[in-house]
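A.B. asks: model the structure of this input:
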Amino acid sequence: MNPRIPYNPDRRRTGQGEEGGGCVVRMFWLLVPVLALAGIWAFWSRGAGGAAALAGTTPASSAVATLTPSPPGLAPTAAGGDTATEPAPTDPPLPTSTLLPAPSPSPTALAAAAATQFYMTQSGDTIPALAARFGVNPSDIKAPSGLKGATTLASGQLLVIPHVLGDVGPDNKVIPDSELVFSGAAADFNPQKFAVQKGGFLATYSGVAGTHSVLGGDVILGAALDHSVNPRLLMAVLEFDSGWVTNPQPTGDALRYPYGYVHPYLVNLNAQLTWATTELAIGFYGWRDGSLTELHFPDGSSLRLNPTLNAGTVALQYYFAQFMNRPAWDKAVSAAGFGATYQTLFGDPFARALDPLVPPDLTQLPLSLPFMPGTTWYMTGGPHGAWELGGAQAALDFAPGSILGGCAESNAWVTAVAAGLVLRSDAGVVMEDLDGDGRETTGWDILYLHVATKDRVPAGKFVERGEPIGHPSCEGGRATGTHVHIARKYNGEWIPAYGPVPFNLAGWIAGQGKGEYFGTLTRNGTVVTACTCASAATAITADAQ
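C.D. replies: The predicted model follows:
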């Protein structure tokens, strides 16, 4: 019995049973409770939610405050206009570098006025890199007299920068930048002749440079040319680490590991030089572009680099940090450490300083693609190390089409990207001087790497733009497939493939990727993305003449 329906004993006799439509009536009364409950629920929901909506707020059970970025010092607000209870963010967006991925650690928003400091710009400085070094945002850096410099900042400009960093490393500058890279400051230096004068083990050591067996000083010179690191610096570091320049009989680890890096496979001068030059390059170019701001020592400790240092000094501080802990590192980077060794061998390094090493208005000369007009090659490598991994992201890779993978022989021609004089042609290397002075330590120079011995252009030949200089291969350096590797340097300093002075090959402009070997070339809205897969998406056809 349904208590909601009054009992009627005569319902069957009055025609209200099933046969008389009673089923419909019963169904109606059965639905009444359901409809009532639905109405109550709708009224309750409308009352709670609707009231909240009319009041301009969100029910507490689903409140979500949408925050928008705000300038330093202003609290973020909720989307509806009420002040949010969350504190102001302490980490604003990282400064955007034009050279490499945003550096770490990130700058901190200036919630209140900070003490300021003065800084005089140095050759190669850019605002994004300075922001990373000083731990601030680019907009925090003020120039009372304005900024000068089309691509990088002109030297000697006064900047006012908030002082937000805590403890940082020493600020003494050990060498100028022109004593770190193989610049004109060392153009006439003869490492082997100097080694003989000093009478140490280096003078009689026999090693390899390119494809030739040579004495120790020429091993130094070969590495200096390939990596574009100053041979004076390499000899001074060698003397500081092992005494090879003045000691005729080094023993133990000093003999096995002349650059101080203890590794079971790096037990000769050539291997140690490759490691040392690579680490020096990582320090130098990492400081240049702002991606290196902190040192990490073998024992796990770290130290923020002093933001006022120059790239040459940072290169040495980074190098010594790879195998020294403090306080040995502190002594090495002091004036009484490596600086004293350098002074003893070569005198005051700042007396030979070339400044600016990179002009603030540097522009690239017109360059073509490095292959024949009308032919199609593939961009197999975006910006990456000029010689070894790491360091200056100065090189691009191109490969011809081939049905064979790996290091297959190719009859395709690599061509000169500009007119110039071939200075070196050996072991897969062609080095071309574009300013005609016969030196790769001054002006613009182009490196072509992995050029096969067969048909390779000889040293001393002047080539025209577009003239064949050899075939792509795997010769020289590291390679897993037939290609040509091309990089630029100016006054001995490698110029990154992207950044203030990007590679421009017949209108194709190089762009940064998510890491080494990634990247793009763009022309007139067409974007080609580098990939070792050599797919159709990486194809570039040189304009027909």
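A.B. asks: local confidence estimate at the closest residue to residue 363 other than its chain neighbours?
C.D. replies: Using CB to CB, 6 or more residues apart in numbering and skipping residues adjacent in sequence, the residue nearest residue 363 is residue 501, 6.8 Å away. (Each C-beta comes from the backbone N, C-alpha and C, glycine too.) pLDDT for residue 501: 97.
A.B. asks: residue 501 touches residue 361, doesn't it?
C.D. replies: No. Between residue 501 and residue 361 there is no contact under CB atoms under 8 Å: 10.0 Å.
A.B. asks: between the two, what contacts are shared?
C.D. replies: In terms of CB atoms under 8 Å, 6 or more residues apart in numbering, residue 501 and residue 361 are both contacted by the residues residue 151.
A.B. asks: which one's more surrounded, these two?
C.D. replies: residue 501 (18 against 11; other CB atoms under 10 Å).
A.B. asks: could you report the distance from the more buried one to residue 364?
C.D. replies: Residue 501 is 6 Å from residue 364, where distance means CB to CB, to the nearest Å.
A.B. asks: overlap in contacts of the two?
C.D. replies: Joint contacts of residue 501 and residue 364 (CB under 8 Å, 6+ apart) are residue 495.
A.B. asks: tell me if I'm right that residue 147 and residue 141 touch.
C.D. replies: No. Applying CB under 8 Å, one finds residue 147 not in contact with residue 141, separated by 9.4 Å.
A.B. asks: what residues are shared contacts of these two?
C.D. replies: Counting by CB under 8 Å, 6+ apart, the shared contacts of residue 147 and residue 141 are residue 127.
A.B. asks: same drill for these two, tell me which one is more crowded.
C.D. replies: Set residue 147 next to residue 141 and count neighbours by other CB under 10 Å: residue 141 wins out with 19 against 13.
A.B. asks: list the residues that contact residue 151.
C.D. replies: 360-363, 500-501.
A.B. asks: change it to 6 Å
C.D. replies: By CB atoms under 6 Å, 6 or more residues apart in numbering, the contact list for residue 151 reads 362, 500-501.
A.B. asks: with residue 306 instead?
C.D. replies: 168-169, 171.
A.B. asks: beyond the strand or helix carrying residue 295, next helix or strand please.
C.D. replies: Using DSSP states H and E, the element containing residue 295 is strand 294-296. Per DSSP H and E, the first helix or strand lying C-terminal to strand 294-296 is strand 302-304.
A.B. asks: tell me which residues in that following strand are buried?
C.D. replies: 303-304 (16 or more other CB atoms under 10 Å).
A.B. asks: residue 523 and residue 504 touch, don't they?
C.D. replies: No. Judged on CB atoms under 6 Å, residue 523 makes no contact with residue 504 at a distance of 9.4 Å.
A.B. asks: got the end-to-end distance for stretch 360-373?
C.D. replies: 33 Å (CA to CA, to the nearest Å).
A.B. asks: contact partners of it?
C.D. replies: With contacts defined as CB under 6 Å, 6+ apart, stretch 360-373 is touched by 149-152, 154, 377, 413-415, 417-418, 444, 465-466, 484, 486, 501, 504-506, 542, 544-545.
A.B. asks: give the buried residues for it.
C.D. replies: Under 16+ other CB under 10 Å, the buried positions of stretch 360-373 are 360, 362, 364-365, 367-372.
A.B. asks: ditto for stretch 248-263
C.D. replies: Buried residues in stretch 248-263, counting neighbours by 16+ other CB under 10 Å, are found at 250, 254, 256-261.
A.B. asks: list the contacts for the residue nearest to residue 503 when sequence neighbours are not counted?
C.D. replies: Nearest residue to residue 503 in three dimensions, chain neighbours excluded: residue 510, at 3.9 Å (CB to CB, 6+ apart). Applying CB under 6 Å, 6+ apart to residue 510 gives the contacts 497-498, 502-503, 521.
A.B. asks: one more time with 7 Å, if that's ok
C.D. replies: Taking CB atoms under 7 Å, 6 or more residues apart in numbering, we find residue 510 in contact with 383, 396, 497-498, 502-503, 519, 521.
A.B. asks: what about residue 131, which helix or strand?
C.D. replies: According to DSSP H and E, residue 131 maps onto helix 127-134.
A.B. asks: how far is stretch 341-358 from where the chain is centred?
C.D. replies: Between the centre of stretch 341-358 and the centre of its chain there are 27 Å (CA atoms, centre = their mean, to the nearest Å).
A.B. asks: give the rounded mean pLDDT of it.
C.D. replies: Averaging pLDDT along stretch 341-358 yields 96.
A.B. asks: what about that stretch, start to end distance?
C.D. replies: 27 Å.
A.B. asks: next: stretch 472-487.
C.D. replies: Stretch 472-487 end-to-end distance (CA to CA) = 15 Å.
A.B. asks: of the contacts of residue 510, grab the buried ones for PyMOL.
C.D. replies: Per 16+ other CB under 10 Å, the buried members of those correspond to this PyMOL selection:
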select buried, resi 383+396+497+498+502+503+519+521
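A.B. asks: identify, from the contacts of residue 510, the entry nearest to residue 135.
C.D. replies: Using CB to CB, residue 498 comes nearest to residue 135 of those, at 24.1 Å.
A.B. asks: now do the helices in the stretch 201-350 of the chain.
C.D. replies: 201-204, 216-227, 231-242, 252-256, 269-289, 311-321, 328-332, 338-346 (DSSP state H, counting those that start in this stretch).
A.B. asks: got the angle between the second one and helix 269-289?
C.D. replies: Using axes from the mean of the first three to the mean of the last three CA atoms, to 10 degrees, the inter-axis angle of helix 216-227 relative to helix 269-289 is 40 degrees.
A.B. asks: so for helix 216-227, mean pLDDT?
C.D. replies: 96.
A.B. asks: what bridges to residue 399?
C.D. replies: Per DSSP bridges, the residues bridged to residue 399 are residue 378.
A.B. asks: wait, it sits on residue 534?
C.D. replies: Yes. Counting by CB atoms under 7 Å, residue 534 is a contact partner of residue 399 at 5.8 Å.
A.B. asks: need the overlap of contacts for the two.
C.D. replies: Both residue 399 and residue 534 are contacted by 378, 380, under the criterion CB under 7 Å, 6+ apart.
A.B. asks: next, the buried residues of stretch 433-449.
C.D. replies: For stretch 433-449, using 16+ other CB under 10 Å, the buried residues are 433-434, 439-449.
A.B. asks: same question for stretch 344-362.
C.D. replies: Buried, per 16+ other CB under 10 Å, within stretch 344-362: 345-346, 349, 352-354, 356-360, 362.
A.B. asks: let me know the closest of those to residue 227.
C.D. replies: Nearest member of the buried residues of stretch 344-362 to residue 227, counting by CB to CB, is residue 357, at 16.2 Å.
A.B. asks: any idea how far that closest one is from residue 490?
C.D. replies: From residue 357 across to residue 490, the span is 8 Å (CB to CB).
A.B. asks: just to revisit the earlier point, could I have the buried ones of the contacts of stretch 360-373 as PyMOL selection syntax?
C.D. replies: What follows is the PyMOL syntax selecting those of the contacts of stretch 360-373 that are buried according to 16+ other CB under 10 Å:
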select buried, resi 149+151+152+154+377+413+414+415+417+418+444+466+484+486+501+504+505+542
